[in-house]
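Colleague: okay, here's the prediction I keep looking at, along with the sequence it came from:
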Amino acid sequence: MKEQLTAKQKKVFDFIKDHIRSENVPPTVREIAARFGYASPGTVQDYLRILKDRGLINIKKNFYRGIELLVPAFGIPVLGRIRAGAPEHAVEDIEEWIDVSGLFPRDNDVFALRVMGDSMEGSGIMEGDLAVVKKQPSAGNNDIVVALMEDEATIKRFKSRGNNVWLEPDNPRYEPIRERAFSVIGKVVGIIRNY
């Protein structure tokens with residue numbers, strides 16, 4: 001998407017995506033007009049042209065439900081890379097979208113990070129894997145989490161005993177992170193691996 005959508009354009013686009021998710025078909029021009037209270041289908045056609053120009057949809061001529069999404073309706077964003085080794089500066093930048101329709105919850109609080117490094121290989125998390133993360137500020141003992149230390153992020157196992165909490169790698173070549181303050185960004189809920 002070369003330019004940002006306006007708030008109204010985004011609402012129309014989100015309605016199209018939500019309709020496809022819930023009904024398994026795109027909405028008609030009349031359904032969009034009714035949803036937003038537009039008196040004229042021409043207003044909807046203007047929005048559809050803008051969405052098409054942005055590369056978000058295609059419009060099939062002479063089809064009653066001719067709106068076709070060019071981005072995943074059920075995807076989760078890959079926000080960047082995460083170290084499974086020494087922590088690294090955290091940068092959020094959408095690299096791609098992954099269509100995981102039936103695997104993970106359809107939730108705006110779910111995202112993916114590509115794993116770099118081997119500190120979690122004992123848990124079966126390998127370099128190049130995509131860690132699917134549910135945003136949440138807390139974790140239970142032994143959960144695998146994404147943690148932030150100042151502006152560095154890492155993927156590790158959350159450990160707690162009494163009042164002590166630390167981050168534990170699942171590779172004996174790495175030391176636990178005990179002396180640095182950290183916050184939990186989210187819990188790893190799945191791993192996606194390409195062979």
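Modeller: Here it is on my side, so go on. Residues are numbered from 1 along each chain as shown.

Colleague: in stretch 130-139, what's buried?
Modeller: Neighbour counts using 16 or more other CB atoms under 10 Å place Leu130, Ala131, Val132, Val133, Lys134, Ala139 of stretch 130-139 among the buried residues. For glycine as for every other residue, the C-beta is placed from the backbone atoms N, C-alpha and C.

Colleague: before we move on, what about stretch 25-32?
Modeller: Those would be Pro26, Pro27, Thr28, Val29, Glu31, Ile32, for stretch 25-32 by 16+ other CB under 10 Å.

Colleague: what of stretch 55-65?
Modeller: Leu56, Ile57.

Colleague: Arg173: which of the buried residues of stretch 25-32 is nearest?
Modeller: Distance to Arg173, by CB to CB, is smallest for Pro26 among the buried residues of stretch 25-32, at 51.1 Å.

Colleague: surely that closest one touches Gly66?
Modeller: Yes. Taking contacts as CB atoms under 8 Å, Pro26 lies within contact range of Gly66: 7.5 Å.

Colleague: the strands in the chain, which residues?
Modeller: Counting by DSSP state E, the chain has strands at residues 57-59, 67-69, 75-83, 88-89, 96-99, 110-116, 130-135, 144-149, 152-161, 164-168, 183-192.

Colleague: ok, of the ones you listed, where does mean pLDDT dip lowest?
Modeller: Sorting the strands of the chain by mean pLDDT places strand 96-99 lowest, at a mean of 62.

Colleague: so what secondary structure elements neighbour the longest helix along the chain?
Modeller: In terms of residue count, the longest helix belonging to the chain (DSSP state H) is helix 7-23. Counting by 3 or more CB pairs under 8 Å, 6 or more residues apart in numbering; DSSP states H and E, the packing neighbours recorded for helix 7-23 are helix 29-36, helix 41-53, strand 67-69.

Colleague: how does it look with 6 Å?
Modeller: Counting contacts by 3 or more CB pairs under 6 Å, 6 or more residues apart in numbering; DSSP states H and E, helix 7-23 packs against helix 41-53.

Colleague: any figure for the gap between Asn141 and Pro87?
Modeller: Per CB to CB, to the nearest Å, Asn141 is found 21 Å from Pro87.

Colleague: so the two - more neighbours on which side?
Modeller: Pro87 (22 against 10; other CB atoms under 10 Å).

Colleague: I'd like to know how far that one sits from Ala7.
Modeller: 37 Å.
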